[in-house]
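Enquirer: Sequence and predicted structure are below.
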Amino acid sequence: MTPQEIEAMFTYHKPTPDQVETYQLIRDIAKDFADAINDLCPESREKSLAFTSLQQTTMWANAAIAIHEVEDADGDVCISREVKGIIAEHLEIPMDDIMDEGRFIEDLGADSLDAVELTMACEDHFGVEISDEQAEACFTVRDLVALIEKAVAEKK
């Protein structure tokens with residue numbers, strides 16, 4: 001297991017608006033199943049264990065979404081999340097510390113070389129090319145994400 005995978009396992013992953021909806025859907029389905037167990041099974045140790053297992057299953061399903069979801073509601077790669085992952089790995093900072101409005105130098109502690117390397121890492125990761133002029137206009141995480149999203153869309 002890589003250090004990044006371990007970091008991801010023990011980092012709080014703030015849910016996106018789409019994820020909150022998905023989490024609730026999973027909880028609703030689990031609740032319906034819990035109601036069925038309650039109605040159909042006699043009171044017993046096994047019934048209690050079934051509820052405990054269902055709670056754990058729901059928790060792990062939601063954790064899987066929080067940690068590993070890389071697609072948005074349309075099934076497209078969630079570029080923002082991937083770019084933030086690249087930034088986190090390169091700058092060795094927790095992904096949850098990277099905000100869209102974060103400025104590379106002032107907020108994230110990058111230097112000018114880091115900014116160039118981040119752009120190159122994103123180019124490699126997404127298989128796109130970004131001009132020097134475009135890269136020089138990126139001051140925030142949001143700027144870089146928008147630039148990558150545009151380049152990926154043009155590639156399609």
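Expert: Now that the structure is in, tell me what you want to look at.
Enquirer: Surely I26 is in contact with A63?
Expert: No - between I26 and A63 there is no contact under Cβ atoms under 8 Å: 10.7 Å. (Each C-beta comes from the backbone N, C-alpha and C, glycine too.)
Enquirer: more neighbours, these two?
Expert: Higher neighbour count among I26 and A63: I26, with 16 against 13, using other Cβ atoms under 10 Å.
Enquirer: if you skip the residues just before and after it, what's nearest to that one?
Expert: A61 (5.1 Å; Cβ to Cβ, 6 or more residues apart in numbering).
Enquirer: in which helix or strand would I find the one you found?
Expert: Element membership for A61 (DSSP states H and E) is helix 45-68.
Enquirer: Average pLDDT for that helix, rounded please.
Expert: Helix 45-68 comes out with an average pLDDT of 89.
Enquirer: Can you give the contact residues for that helix?
Expert: Residues outside helix 45-68 that contact it (Cβ atoms under 8 Å, 6 or more residues apart in numbering) are 8-9, 13, 15, 19, 22-23, 26-27, 30, 33-34, 37-38, 41.
Enquirer: cutoff 7 Å now
Expert: 8-9, 13, 15, 19, 22-23, 26-27, 30, 33-34, 37, 41 (Cβ atoms under 7 Å, 6 or more residues apart in numbering).
Enquirer: From those residues, list just the buried residues.
Expert: By neighbour count, with 16 or more other Cβ atoms under 10 Å, the contacts of helix 45-68 hold 8, 13, 19, 22-23, 26-27, 30, 34 as buried.
Enquirer: Sounds good, over and out.
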